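In: Got a sequence here, can you model it:
(chains A and B)
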Amino acid sequence: MATIGTLSRQVATPLKAERHGDRSIASIAFLIALWVALAFAVVCLAVLLIDSFVKGLPRLDSNLLTRYSSQVIPESAGARAAILGSMWVIVTTAVLAIPLGVSAAIYLEEFANPRRWYNRLIEVNLQNLAAVPAIVYGMLTAGFALAVGLRRGIVLAAGIALALLILPVIIITTREALRAVPAEIRDGSLALGATPLQTVWRQTLPSAIPGIATGTILALSRALGEAAPLLLLGGLVFINYDPDGLFSGFTTLPIQIFDWTGRPEDAFKEVASATIIVLLVLLLAMNALAIIIRNRYQKRW
Amino acid sequence: MTSTILRRAALPAVLVLTLGLSACGGSNESGSEGDVSGEVLADGSSTVQPLTAAAGELFAEEEPGVNVSVGTAGTGGGFEVFCQGKTDISNASRPIEDEEAALCDKAGVEYTELQVATDALTVVVSAENDFITCLTTDELKTLWEPAAEGKITTWDQVNPDFPAEEISLFGAGTDSGTFDYFTDAINGEEGASRTDYNATEDDNVTVTGVSGSPTAIGYFGFSYFQENSDKLKAVEVDSGDGCVAPSPESAQDGTYTPLARPLFIYVNNKSAADKPYVKAFVDFYAEQNADIVAAAKFIPLNEEQSTELADTAESLG
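Out: Sure thing, here's the model as predicted:
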């Protein structure tokens, strides 16, 4: 099916290129190459999704949501601890990362003097930090936990690692959102006698919230899908109680999926597929929320 | 205007989320009706993890007040935190090494080793392979030793009776205890292996790879063979006394050498003495060992080993 779609596109593309007067063989070949690359990505994704759905659908039952993982009866294993663990970790991450990230962005965008060397240094480092592999943050947090004598495999440690991971993304998107607020708004506020702080708090920040919320939710959904840094931090794979606080042990959906897919029993592979569906639904819901917020509250100046 | 709406909507949303979470979090607390309560922390080998998880699960039916959590930092990673006194139990697919024992000594962590199950590292070929039924340990060494790298590429180089077909090799990743044990048993030195093979920490990759090619060979724990015995064939191993197939019996009576391996848990003596629930969990692990081993699909201990486990568990605490 996908191939037919791609072929018809390939026929259409050269025509389009022709309209723009560019009909060199090189450009047509390039366009075809682009379509093939795109089709490859889409087909791989479709195969993965279909595979997960076919394998996981029979296990999309109430056991999945209400029971813990089970070695004794793998057929009844559930992702309860992982779902709750993921929620605890993501909320902790949000609570740690959002105030820090938004404050840092406000400072950099509204108050920092870009000519000062230390502000430029911060700026360059932010860009670099956004590109650091996730596992490095896991190692950093593991080292931090060791230094302060904290147990590693707890919700708080996971929250710190993921907050560090998404902090640069939150700062960068918040800055973009603040930059999109027209200078006239600030000027008007200042002209009416508001202090710079009042201007930020009452005018700039509220206007930028839709953009900030969108960026933050997308960053959090990335954190939700991370397994590597949490595995390194000692995220658990078997846990038969609900996490109940910041110092509680935890597992998360990606960790649980990773563990189950590596097991010999077919029942674990099925429950892993079902859990992948749960994770996908959660991710799609978060992304949809981000889009809704953007569309509903976006201001046009 | 719109931002006010957003702010009004955001606060309840956050509240609902937090309340929902704390409600979920609290729902388990009514369960502490047993004699003891607390949390048993276990970490270490991912191979042994199903055993300790099964023990925790069965134990929870008797003592709902005790939580058992199991991580998979690997045998080495597990000992690292165990020797800092951060876990009560360390799962291990090989005995503790001298360097690791030194770490424990330095931190003043005393421990007890208990063998809780047996595993038979199984050499597998595809069910469609028609020329291999038995390999000697020497042939396995020829196949896997570091000197074979880039040189031993067709089956007739291993044994002239085999066809001149290309070998594709699947094996454990270098971080796993399985790799340590296999290289020690076959190549004579822990960690010494050729490196031009498909190394993976996920044994299901080996299952797929070997079952897909009649000339491929790989190795992993016995449970992965049992679950896939329709697609794979277990190779008999000859260590000098004839060909022996991996099976619960041959692993128990010691004839399946050198690839039958013991699986251990290490218990922190101080935890067992100070925390009654850790001691209770280890006792349970020993008493219900047969059920636990069956649930995790490993090979049960033989009589002698069972007695030893029971005696050692008793002496704890």
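
In: Neighbours of the residue of the stretch 151-300 of chain B found nearest chain A, how many?
Out: Proximity of the stretch 151-300 of chain B to chain A (CB to the nearest CB) peaks at B:Glu227, 3.9 Å away. (Each C-beta comes from the backbone N, C-alpha and C, glycine too.) B:Glu227: 20 surrounding residues under other CB atoms under 10 Å in any protein chain shown.

In: So, low pLDDT: which residues of the chain?
Out: Since no chain was named, I'll use chain A. Scanning chain A for pLDDT under 70 picks out the ranges A:1-22, A:301.

In: look at chain B instead
Out: Low-confidence segments of chain B, defined by pLDDT under 70, span residues B:1-35.

In: Just give me the residue closest to the centre of it.
Out: B:Thr47 (1.2 Å; CA atoms, centre = their mean).

In: Verify the contact between it and B:Asp180 for me.
Out: No - between B:Thr47 and B:Asp180 there is no contact, the gap being 11.1 Å when judged by CB atoms under 8 Å.

In: For A:Met286, which non-adjacent residue is closest in space?
Out: Residue nearest to A:Met286 in three dimensions, not counting chain neighbours: A:Ser221, with 4.2 Å by CB to CB, 6 or more residues apart in numbering or on different chains.

In: In contact with A:Ala163: list those residues for me.
Out: Residues in contact with A:Ala163 (CB atoms under 8 Å, 6 or more residues apart in numbering or on different chains) are A:92-93, A:96-97, A:100.

In: cutoff 6 Å now
Out: A:93, A:96-97 (CB atoms under 6 Å, 6 or more residues apart in numbering or on different chains).

In: show me which of these neighbour chain B.
Out: Filtering the contacts of A:Ala163 for proximity to chain B by CB under 6 Å from any CB of the partner chain leaves nothing.

In: if we can go back for a sec, how about the residue of the stretch 151-300 of chain B closest to chain A, phi and psi?
Out: Main-chain torsions, B:Glu227, degrees, to the nearest 10: phi -70, psi -20.

In: Check the secondary structure at the nearest residue to it once chain neighbours are set aside for me.
Out: Closest residue to B:Glu227 apart from its sequence neighbours, by CB to CB, 6+ apart: A:Pro264 at 3.9 Å. Classification of A:Pro264 using DSSP: H, G, I helix; E, B strand; the rest coil returns coil.

In: ok, A:Pro264 to B:Gly221 distance?
Out: As judged by CB to CB, to the nearest Å, A:Pro264 and B:Gly221 stand 8 Å apart.

In: Those two - which one has more neighbours?
Out: Under the criterion of other CB under 10 Å, the comparison of A:Pro264 against B:Gly221 puts B:Gly221 first, with 25 against 21.

In: ok, the more buried one touching B:Asp119?
Out: Yes - using CB atoms under 6 Å, B:Gly221 is in contact with B:Asp119, at 5.2 Å.

In: circling back: out of the contacts of A:Ala163, which one sits closest to B:Ala294?
Out: B:Ala294 lies nearest to A:Thr93 out of the contacts of A:Ala163, by CB to CB, at 40.0 Å.

In: Could you say which helix or strand holds the closest one?
Out: helix A:80-106 (DSSP states H and E).

In: For that helix, enumerate the helices and strands it packs against.
Out: Applying 3 or more CB pairs under 6 Å, 6 or more residues apart in numbering or on different chains; DSSP states H and E, we find helix A:80-106 packed against helix A:155-179, helix A:205-224, helix A:253-261.
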